[in-house]
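Trainee: Would you be able to build a 3D model of this:
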Amino acid sequence: MRLTRREALAGAGAALLGGGIYELVDRLAATPPARALTEKLPPEQHVRDGVRAVRDNGVEVLVPPLHHEVVTARIRARDLKSAQHELEEVLAGLDRAYQSTPAGLGVTVAWGLPYFRRYVPKPAKHFLPRDLRAKKRALLDARRFPSDPAETVLEQNDVAFLLRSDRIDHIKDAHGKLFSDLDAFSVTSIRRGFAGGGFDGKRSLPKQMALAAGVPGADLIPETAELFLGFTSTQRANLGPPRIANFETLGFVVTPDGYFRGGTHMHLSHIEEDLEAWYLNFSFREQVDTVFRPGLSVKRGTQTVRQGAQDVASERQIVRDYHARGRIGHSQATQPASRLQADHLGEDGTLYKKGTAIPQRADFNTLDNPFAFPVEPGAGPTAGVHFVVFNPTSDDFERGRLAMDGQLPSGTKLRFRPRSRGQGINSVLRTTHRQNFLVPPRAHRSFPLAELL
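Mentor: As a prediction, the model looks like this:
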């Protein structure tokens, strides 16, 4: 669907008024993708059923929900036990009203360290999971990384709600019930966005939305790109299988008395993307080198690149490419930290093969600058991504993020100037905000530990 100039300008103006441009997603997407139904809610909040798979360029790709919204908040409820009961009633009502699939509604509630420190410090001291590998808590304060600007904000929210659906009205309904009907939260930010590749051969949502908002460089995005930067990122092999990010699965974490068993860790950040720098300064050959690995043979114009276990790079290969070419690729650099280095038998009997991805990403493109709410005066739409990822621990996330900066899990440090071209994709990214959260299992998603006060 093409927009007239008037519609495009109106859409850009709507973005300035708090995210109204995202109403265009339903018009541009035409018909939501077909989805499978699910019979039973999983014990984990972060696990999604009914996700559709397609094949693109011979690679199996998962189709994410069209609409995404993250709401962060601080607690203003004074009676935590009453608030716990009231929030659970609302969440249970949403569970009854909608399938836990992209066609229905996915709700994930994640809690920050400020909540545990201020409101439930005594039970938290005993029950918060411990990272056995790192010998630290599984949930740590967010930190700045070498390529982060000095002004990157390390947030201190009490809670974050991740809402995902193919239908924006489902998200609006949930938002109203959680933040208008309830009086438990003071909203600090609303972060909206979308996902949707052109796997049917039609112009993709990122391309259409960027054009509608008048984002610089929008015309350079490939017609069917799943994301602003052109390449597909939801290859099945590139995303961790359903329960691999659970605290208990890989044996990294101990959950005292099993309270947080079935839970996980969530990292949330907002990242600005410089589309003009990416498409005008990097040839397709350099884009492949930067996103995947230097020298990878990829036909010009390819968007979906195989990322299976057979494609996982070793630290030796990364160091070799660094010395030979003076650069590293994004996927290549993170794989020693983000992929299993040996077969692992999970405690439930599931065999996870060497090369299996660990992180479960739920990131999505956005036009927020940096958020849909609050809106900075005079701020226009900006291409970016709200990066949401589930890892077993904060330390596990940090290992992968440090590898993007050339600091590999073995301790090897590849020397780069922060955000230099050789450092890969960091040269066109700028992180504005970061925070880590703990995602409890479904049974303890509402004000965890409050019942123990």
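Trainee: Angles on the backbone of the residue nearest to F373 when sequence neighbours are not counted, please.
Mentor: Leaving aside its sequence neighbours, F373 sits nearest to I190 (C-beta to C-beta, 6 or more residues apart in numbering; 4.0 Å). (Each C-beta comes from the backbone N, C-alpha and C, glycine too.) Phi and psi for I190, reported as degrees, to the nearest 10, are phi -120, psi 130.
Trainee: buried set for the lengthiest helix in the chain?
Mentor: Assignment by DSSP state H gives helix 80-97 as the longest helix of the chain. Buried residues in helix 80-97, counting neighbours by 16 or more other C-beta atoms under 10 Å, are found at 80, 83-84, 86-88, 90-91, 94.
Trainee: likewise stretch 204-214?
Mentor: Result for stretch 204-214 [16+ other C-beta under 10 Å]: buried residues 204-214.
Trainee: average model confidence for that stretch?
Mentor: Average pLDDT, stretch 204-214: 93.
Trainee: Then stretch 156-166?
Mentor: Averaging pLDDT along stretch 156-166 gives 97.
Trainee: again, but for stretch 275-293
Mentor: 95.
Trainee: May I see the buried residues of that stretch?
Mentor: 275, 278-279, 282, 287-293.
Trainee: what does stretch 360-378 give?
Mentor: Neighbour-count burial for stretch 360-378, counted by 16+ other C-beta under 10 Å, picks out 360-372, 375.
Trainee: on that earlier part again, among the buried residues of helix 80-97, which one lies nearest to V159?
Mentor: Ranked by distance to V159 (C-beta to C-beta), the buried residues of helix 80-97 are led by L87 at 9.6 Å.
Trainee: wait, doesn't that closest one sit right on L182?
Mentor: Yes. Between L87 and L182 there is a contact under C-beta atoms under 8 Å: 6.6 Å.
Trainee: before we move on, back to that, and the buried residues of stretch 204-214 as a markdown table, adding distance to P149 and secondary structure?
Mentor: Converted to a markdown table, those look like this (distance: C-beta to C-beta, whole Å; DSSP: H, G, I helix; E, B strand; the rest coil):
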| residue | distance to P149 | secondary structure |
| --- | --- | --- |
| S204 | 29 | coil |
| L205 | 28 | helix |
| P206 | 24 | helix |
| K207 | 28 | helix |
| Q208 | 30 | helix |
| M209 | 26 | helix |
| A210 | 23 | helix |
| L211 | 28 | helix |
| A212 | 28 | helix |
| A213 | 23 | helix |
| G214 | 25 | coil |
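Trainee: For G422, the count of nearby residues, please.
Mentor: 19 (other C-beta atoms under 10 Å).
Trainee: The spatially closest residue to it that is not a sequence neighbour: neighbouring residues, count only.
Mentor: Computed as C-beta to C-beta, 6+ apart, the closest residue to G422 that is not its neighbour in sequence is R327, at 3.9 Å. Neighbour count of R327, defined by other C-beta under 10 Å: 22.
Trainee: cool, and G258?
Mentor: Residues near G258, counting by other C-beta under 10 Å: 12.
Trainee: Distance check, it against E248.
Mentor: As judged by C-beta to C-beta, to the nearest Å, G258 and E248 stand 9 Å apart.
Trainee: now do A73
Mentor: Shown here: A73 relative to E248, a distance of 28 Å by C-beta to C-beta.
Trainee: Just give the nearest non-adjacent residue to L66, would you?
Mentor: That would be D166: by C-beta to C-beta, 6+ apart, it lies 4.8 Å from L66.
Trainee: these two touch, right, that neighbour and P102?
Mentor: Yes. Counting by C-beta under 8 Å, D166 does reach P102; the two are 5.0 Å apart.
Trainee: Could I get the full set of strands for the stretch 151-300 of the chain?
Mentor: 153-154, 159-165, 185-194, 253-254, 264-273 (DSSP state E, counting those that start in this stretch).
Trainee: Identify the residues contacting the nearest residue to I221 once chain neighbours are set aside.
Mentor: Excluding its sequence neighbours, the residue lying closest to I221 (C-beta to C-beta, 6+ apart) is K207, at 4.6 Å. Counting by C-beta atoms under 8 Å, 6 or more residues apart in numbering, K207 makes contact with 198, 218, 221-225.
Trainee: Go again with 7 Å.
Mentor: Residues near K207 by C-beta atoms under 7 Å, 6 or more residues apart in numbering: 221, 223, 225.
Trainee: between those, which is nearest T432?
Mentor: Out of the contacts of K207, the member with the shortest distance to T432 (by C-beta to C-beta) is I221, at 21.3 Å.
Trainee: how far away is L62 from R27?
Mentor: Taking C-beta to C-beta, one finds L62 at 24 Å from R27.
Trainee: do F161 as well
Mentor: Taking C-beta to C-beta, one finds F161 at 26 Å from R27.
Trainee: now T393
Mentor: Computed as C-beta to C-beta, the T393 to R27 distance reads 41 Å.
Trainee: quick one: which of these two has more around it?
Mentor: T393 (28 against 13).
Trainee: quick one, helices of the stretch 251-400 of the chain?
Mentor: For the stretch 251-400 of the chain, the helices defined by DSSP state H, counting those that start in this stretch occupy 275-281, 284-291, 315-325, 330-338, 394-404.
Trainee: In JSON lines, list those along with distance to P121.
Mentor: Putting the helices of the stretch 251-400 of the chain into JSON lines (distance: least, C-beta to C-beta, whole Å) gives the following:
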{"stretch": "helix 275-281", "distance to P121": "45"}
{"stretch": "helix 284-291", "distance to P121": "43"}
{"stretch": "helix 315-325", "distance to P121": "40"}
{"stretch": "helix 330-338", "distance to P121": "32"}
{"stretch": "helix 394-404", "distance to P121": "19"}
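Trainee: closest to G112 out of those?
Mentor: Evaluated with C-beta to C-beta, the helices of the stretch 251-400 of the chain place helix 394-404 nearest to G112, the distance being 11.4 Å.
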